[in-house]
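**Student:** Just a sequence and a predicted model for now, questions to come.
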Amino acid sequence: MTFKALVTDKSADGKLSSQVQALEDEQLPEGEVLVDIDWAGFNYKDGLCLKGAGGLVRNFPHVAGIDFAGRVRASDDERYNPGQEVVLTGWRVGEHHWGGFSQRARVKAGWLVPLPKGLSGREAMIVGTAGLTAMLAIDRLERAGLTPTSGEILVTGAGGGVGSIAVAMLAKLGYSVTALSGRAELSEALRAFGANAILDRAAFMEEADKPLEAARWAGVVDAVGGAVLGKLLRQVKYGGAVAAIGNAAGIESQHQCVALHPAGGGTIGHRQRHATL
């Protein structure tokens with residue numbers, strides 16, 4: 001049986017193009033579970049895959065889409081049965097393995113999660129990978145000891161998917177949130193999400209750098225990386241924590257701050273302050 005998918009291919013001269021094509025099940029990659037896809041999100045990484053940026057996709061033709069929600073069509077794994085609703089996010093699906101920009105996908109059973117009760121597939125994809133990432137970051141901060149009474153929380157890249165959801169969730173949990181964004185036109189929306197204050201990214205970066213700046217942030221959700229992360233680390237309070245979850249601005253300015261915890265966990269430290277990955 002045929003189904004439709006957004007197929008990205010590369011020409012002999014290296015140019016990428018994407019078109020909706022009719023495919024057959026036999027063309028799908030290997031996996032134990034065949035899923036009829038109902039919904040898929042669109043993420044920053046999906047844009048990179050469609051453009052061929054970042055070297056994320058090595059083999060063409062390719063079907064992008066790093067997450068999806070749907071129903072099991074057939075399964076060789078006893079954990080899943082036909083008709084069962086499932087969600088997938090991550091596992092390099094949409095990068096190394098054909099992903100969710102399709103009406104059908106075949107994936108490994110271990111990559112799937114049963115759709116939680118009370119949540120529709122559409123709702124799961126509205127939350128999407130961005131929402132899951134924001135939740136993991138906040139959970140990590142709280143496991144590091146952060147509470148609403150700890151002080152001010154900074155969210156970088158606040159205008160993006162991860163950042164905006166992190167702002168809304170932190171505000172709902174009772175935290176005082178400052179949103180850092182390069183898009184001034186989103187200030188009103190970020191305040192509606194719950195941000196107590198808005199910082200302009202350009203102004204933030206123009207402030208004179210010092211080896212150790214005035215301590216301000218009890219915690220940070222950083223979705224930007226690069227020079228922004230390098231600067232904000234110098235402003236984290238003693239005992240504060242940073243959940244660093246993105247490198248949209250690169251990693252070059254972070255190298256001097258990165259170290260590995262003896263137990264194997266990643267930490268980013270500066271003098272007496274430390275941030276947890």
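**Tutor:** In hand now; what should we look at? None of these values were measured; they are calculated from a predicted model.
**Student:** Show me the strands in the stretch 151-277 of the chain, by range?
**Tutor:** In the stretch 151-277 of the chain, strands defined by DSSP state E, counting those that start in this stretch lie at 152-156, 176-181, 197-200, 217-222, 236-244, 258-260, 266-270, 273-276, listed in chain order.
**Student:** Please disregard the earlier target; I meant the stretch 1-150 of the chain.
**Tutor:** Here the stretch 1-150 of the chain has its strands, by DSSP E, counting those that start in this stretch, at 2-10, 16-24, 33-39, 62-63, 67-75, 85-89, 104-107, 112-114.
**Student:** Now find how far off-centre the last one is within its chain.
**Tutor:** Per CA atoms, centre = their mean, to the nearest Å, the displacement of strand 112-114 from the mean C-alpha position of its chain is 18 Å.
**Student:** what does the fourth one give?
**Tutor:** Averaging C-alpha positions (CA atoms, centre = their mean) puts strand 62-63 20 Å from its chain's average.
**Student:** where does this protein have low pLDDT?
**Tutor:** Within the chain, the set of residues satisfying pLDDT under 70 comprises 249-277.
**Student:** Could you list the domains of it?
**Tutor:** For the chain, the domain assignment from automatic domain parsing gives the residue ranges 2-115, 128-276.
**Student:** Give me the distance between the last one and the centre of its chain.
**Tutor:** The chain centroid and the centroid of domain 128-276 are separated by 14 Å, computed with CA atoms, centre = their mean.
**Student:** Make sure residue 39 is actually in contact with residue 65.
**Tutor:** No. Residue 39 is beyond contact range of residue 65, at 10.5 Å (criterion: CB atoms under 8 Å). C-betas here are computed from N, CA, C, even on glycine.
**Student:** which one of these two has more residues nearby?
**Tutor:** residue 65 (26 against 18; other CB atoms under 10 Å).
**Student:** who's in contact with that one?
**Tutor:** Residues in contact with residue 65, defined by CB atoms under 8 Å, 6 or more residues apart in numbering, are 6, 40, 41, 46, 93, 94, 99, 100, 101, 102.
**Student:** With residue 126 instead?
**Tutor:** Remark: with contacts taken as CB under 8 Å, 6+ apart, residue 126 is in contact with residue 41.
**Student:** The one 3 residues further on too?
**Tutor:** If you count contacts by CB under 8 Å, 6+ apart, residue 129 has them with 41, 43, 66, 67, 89, 90.
**Student:** For residue 30, which of the strands of the stretch 151-277 of the chain is the nearest?
**Tutor:** Each of these was scored for nearness to residue 30 using CB to CB, and the closest is strand 266-270 (32.1 Å).
**Student:** Just put the strands of the stretch 151-277 of the chain in TSV and tack on mean neighbour count and distance to residue 10.
**Tutor:** Listed next are the strands of the stretch 151-277 of the chain as TSV, based on neighbours: other CB atoms under 10 Å; distance: least, CB to CB, whole Å:
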stretch	mean neighbour count	distance to residue 10
strand 152-156	28	34
strand 176-181	24	34
strand 197-200	15	39
strand 217-222	27	33
strand 236-244	22	32
strand 258-260	12	34
strand 266-270	17	34
strand 273-276	22	39
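**Student:** Any chance of TSV for the ones you listed, columns distance to residue 24?
**Tutor:** Supplementary listing: the strands of the stretch 151-277 of the chain in TSV, determined by distance: least, CB to CB, whole Å:
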stretch	distance to residue 24
strand 152-156	44
strand 176-181	45
strand 197-200	51
strand 217-222	43
strand 236-244	42
strand 258-260	47
strand 266-270	43
strand 273-276	47
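**Student:** quick one: buried residues of stretch 189-206?
**Tutor:** Of the residues in stretch 189-206, those scored as buried under the neighbour-count criterion (16 or more other CB atoms under 10 Å) are 189, 190, 193, 194, 195, 198, 199, 201, 204.
**Student:** Can I get stretch 131-145 in PDB, CA atoms only?
**Tutor:** As requested, C-alpha coordinates have been extracted for stretch 131-145 and formatted as PDB (Å, rounded to 0.1, in the frame of the first residue of the first chain):
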ATOM      1  CA  GLY A 131       8.000  20.900  25.600                       C
ATOM      2  CA  LEU A 132       9.700  17.700  26.600                       C
ATOM      3  CA  THR A 133      13.100  19.400  26.500                       C
ATOM      4  CA  ALA A 134      11.800  22.300  28.600                       C
ATOM      5  CA  MET A 135      10.300  19.900  31.200                       C
ATOM      6  CA  LEU A 136      13.500  17.900  31.400                       C
ATOM      7  CA  ALA A 137      15.500  21.100  32.000                       C
ATOM      8  CA  ILE A 138      13.200  22.300  34.800                       C
ATOM      9  CA  ASP A 139      13.200  18.900  36.400                       C
ATOM     10  CA  ARG A 140      17.000  18.900  36.400                       C
ATOM     11  CA  LEU A 141      17.100  22.400  38.000                       C
ATOM     12  CA  GLU A 142      14.700  21.300  40.700                       C
ATOM     13  CA  ARG A 143      16.700  18.100  41.400                       C
ATOM     14  CA  ALA A 144      19.700  20.400  41.800                       C
ATOM     15  CA  GLY A 145      17.800  22.100  44.700                       C
END
